[in-house]
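Visitor: After the sequence you'll find the predicted model.
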Amino acid sequence: MEKSILPVVTSNRTEKQTFGKEYLENLLKQHFGHSEFRGKQLEAIEAVLNGKDCFCLMPTGGGKSMCYQIPALAKPGIVLVVSPLIALMENQVKMLKERGICADFLSSTQLPHIKEKIHEDLNRGRPSTRLLYVTPELVATSGFKAKLTMLHKRGLLNLFAIDEAHCISTWGHDFRSSYRKLSSLRNHYSDVPILALTATAVPKVEKDVIQSLCLQQPLILRTSFNRPNIYYEVRYKDLLKDVYTDLSNLLKSLGGVCAIVYCLERSTCDVLSNHLLKAGISSAAYHAGLNSKLRTAVLDDWLSSRIQVVVATIAFGMGIDRKDVRFVCHMNIPKSMEGFYQESGRAGRDLLPSRSLLYYGLDDRKKMEFILRNAGGKKSQASSSSDDLLKKSLADFSQMVEYCASPGCRRKKILQSFGEQVSTSFCQKSCDACKHPNQVSQRLEELGRIQNISRRGGPSPIFMSLSSTNLERHDSEFWNRDDEASLSDEDISASDDEVELQSGLSRSKLSSKVGLDEKIEILQRAEELYYRNGDTNKQKSGFSDKNAVSEALREASKMRLLTALEQARQRFVNLLLDPEVSASFLEMECFKRYGKVGKTFYNSQMAATIRWLSSATQEQISHRLIANSSLADNQSEPNSSRSSSSRLVDQEQMLPETTNEKTESTAQVQLSCQLPQLMKISKEKVELPPIPSFAEFANKKRKETEGDLSSSKAHTSGTRQNPVKKTRQQ
Ligand SMILES: Nc1ncnc2c1ncn2[C@@H]1O[C@H](COP(=O)(O)OP(=O)(O)OP(=O)(O)O)[C@@H](O)[C@H]1O
Ligand SMILES: [Mg+2]
């Protein structure tokens, strides 16, 4: 383990000298290069150094980390930092190490020998570790508890810092059940101060955090939520000709600034990112549907300015610490002000002028409202507290609607939602409603007219892109980050106690999966209900298109394929194919088989194809596309893979003929015309390689990992490498 480069002061000073303002400011300057403390940092630091519990509410980017980093340097011993995200811990530890401060983290992602070194250091008489970052799951394990008790007995525990403390509250928008387990800290280590830090605590959450962590007469520090350097603006989708073009024009006019665009659904991220790329703006999609390697690559590229814009779901969340984000855009209305504040707050952490833009759409509003109602509806039957949750989620959402669709200062509305009362002039024309009041009220009037017309004409259809398999069905991170955990365990903190790891993982996987299934079920039922109630004409004629594959879905699928093919091209530089044509071809293949039986099966097959593209070899991809091109040339060929869908015949017969058939044949003709020019054509009839099911894919991956592990074991123990493995590696 690296030793602290800068000496940490541990001399035998008197309390006053050690923790005096000057001394603490010196540490700030010496270790971090900042000349003075911000906001209430100093108060928080002094409180915990004097053994007091503290609840610290500061805005995003307000400098909460300093409140536990300085105490770690001021006093010998260890500060234990509990953090919800591994990426967050990694970033902070890296930054601290670069500054010569001895910090480390323990998580399931670390190699055993690294963990061993950390434990060795902790066992030493005077550990060099000053800050130890851990996951909430780890804190709850018996193994780690024993370690903590040992450190405590030796008088080495200085402080428990609970970062993102709102995760402990079910009222918060980021609830993480593992945070609940932290409640035992106060009982077991009564003399160690606890510092709870958050940027998003409405009074209810604040109370919940304080109670759940059993803080004893804590010093409560609140800083204003105001972010004076962010200009807030709302644009109205229903009044714009083309939202994507509006956004790309705006991004161009801002001139290459660093930006984040949040979307509700993963497919929108893919589609929009491609649109921006086509408009000459460097961008990439980021969501939990992408594999972790790709997500890390996108994050790295964005952090190091190789990509200007990340188009993301809320999976791109906590811990993103790039100071110079100048623009944060929401493509859809968020479900709560807390979420919106957190996300828009990623702009301008360096305190320089920045911008938040939200595109508000009437359909988006209806969709979100509908989802919230139906998601809560089922739970509300179960208990009255769930009923409260439903009411709360609707009230939270109505604040967002108010923010977008009513006149008045946007900043004031944000601050009001956090219980802060300010005058309208407080904003100093740094929101569109204060800067251009006439323009905004004119737009709201127009919007009102459209809303009235749409009310008279009945509800517009809801489109939700859900597919059928358990994992692929969840294609929005809208719900919360628990869902994200089920898809990207490696990014979220997880149990890593040696004994409890296995059972812990299987438990958490099971429960998160069940939760997800339930939610998807609710969504599907909600959607069905909506169609049943909302489209009575179709109901009367016995016609229901709720499961039809829409053109929009097909376009989104092509975009997903395009991204997967681009990734394949990055993996295999010699892969000669035209991604656009290939994407169209693969989509068509999927549509031909499953288009008529409905989007559930279509989406499932689409997901399987994308998985296949991510794991196939160069030969398999070329082979398949060449094979497909020969099939495209020969449209009369019976579909050899039909058998896989034969069990769906009943459903197929129940569905009406749709206009999709026409589209299919037109697209096929176009495709068969394009393919010969763009790809090498094999006239030989080749069997299509099967697309693996998810289970097959997962088994294959598991076997590969096991293979990798055994081969690396063999390698380290000096035995010869498995020849099959060797070939694969070459
Ligand atoms: N006293 C200070 N003077 C100048 N810059 C500071 C000071 N304290 C912190 N910063 C800087 O402010 C930035 C944000 O700090 P930090 O990540 O701790 O914010 P945060 O409150 O934890 O935000 P979030 O809620 O998003 O996690 C960091 O880059 C940090 O270096
Ligand atoms: Mg922070």
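Guide: Yep, it's here. Since this is a predicted model, take the numbers as computed values, not measurements. Ligands and ions are numbered 1, 2, ... in the order given.

Visitor: Could you tell me how far residue 158 is located from residue 195?
Guide: According to CB to CB, to the nearest Å, residue 158 and residue 195 sit 10 Å apart. C-beta: built from backbone N, CA, C; applies to glycine.

Visitor: the more surrounded of these two?
Guide: residue 195 (30 against 24; other CB atoms under 10 Å).

Visitor: quick check, the more buried one in a helix?
Guide: No. Residue state for residue 195 (DSSP: H, G, I helix; E, B strand; the rest coil) corresponds to strand; a helix is not indicated.

Visitor: For it, list the residues it contacts.
Guide: If you count contacts by CB atoms under 8 Å, 6 or more residues apart in numbering, residue 195 has them with 44, 48, 53-54, 56, 67-68, 159-162.

Visitor: Need those residues in a markdown table (columns: distance to ligand 1 and secondary structure).
Guide: Formatted as a markdown table, the contacts of residue 195 follow (distance: CB to the nearest ligand atom, whole Å; DSSP: H, G, I helix; E, B strand; the rest coil):
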| residue | distance to ligand 1 | secondary structure |
| --- | --- | --- |
| 44 | 11 | helix |
| 48 | 15 | helix |
| 53 | 19 | coil |
| 54 | 14 | strand |
| 56 | 9 | strand |
| 67 | 8 | helix |
| 68 | 9 | helix |
| 159 | 16 | strand |
| 160 | 16 | strand |
| 161 | 11 | strand |
| 162 | 12 | strand |
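
Visitor: Serialize those residues to TSV and add fields for neighbour count and pLDDT.
Guide: Converted to TSV, the contacts of residue 195 look like this (neighbours: other CB atoms under 10 Å; pLDDT from 0 to 100):
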residue	neighbour count	pLDDT
44	27	97
48	28	96
53	22	97
54	26	97
56	31	96
67	28	98
68	25	98
159	23	97
160	24	97
161	28	97
162	30	96
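
Visitor: Closest to residue 600 out of these?
Guide: The closest of those to residue 600 turns out to be residue 162 (CB to CB; 42.0 Å).

Visitor: residue contacts, the closest one?
Guide: So residue 162 contacts 82, 168, 179, 182, 194-197, 213 (CB under 8 Å, 6+ apart).

Visitor: Now tabulate the residues you listed in TSV and tack on pLDDT and distance to ligand 1.
Guide: As requested, the contacts of residue 162 are exported to TSV (pLDDT from 0 to 100; distance: CB to the nearest ligand atom, whole Å):
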residue	pLDDT	distance to ligand 1
82	95	14
168	88	15
179	87	16
182	92	18
194	97	17
195	98	12
196	96	13
197	95	7
213	94	18
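
Visitor: wait, isn't residue 109 in contact with residue 89?
Guide: No. Under the criterion of CB atoms under 8 Å, residue 109 makes no contact with residue 89, lying 9.6 Å away.

Visitor: which of those two has more neighbours?
Guide: Each of residue 109 and residue 89 has its neighbours counted (other CB under 10 Å); residue 89 has more, 26 against 19.

Visitor: Spatially, which pair of the contacts of residue 162 is furthest apart? Let me know, please.
Guide: Longest span within the contacts of residue 162, CB to CB: 179 and 195, 14.6 Å.

Visitor: and the helix or strand hosting residue 55, what other elements does it pack with?
Guide: Residue 55 belongs to strand 54-57 when elements are defined using DSSP states H and E. Counting contacts by 3 or more CB pairs under 8 Å, 6 or more residues apart in numbering; DSSP states H and E, strand 54-57 packs against helix 41-49, strand 194-198, helix 203-212, strand 219-222.
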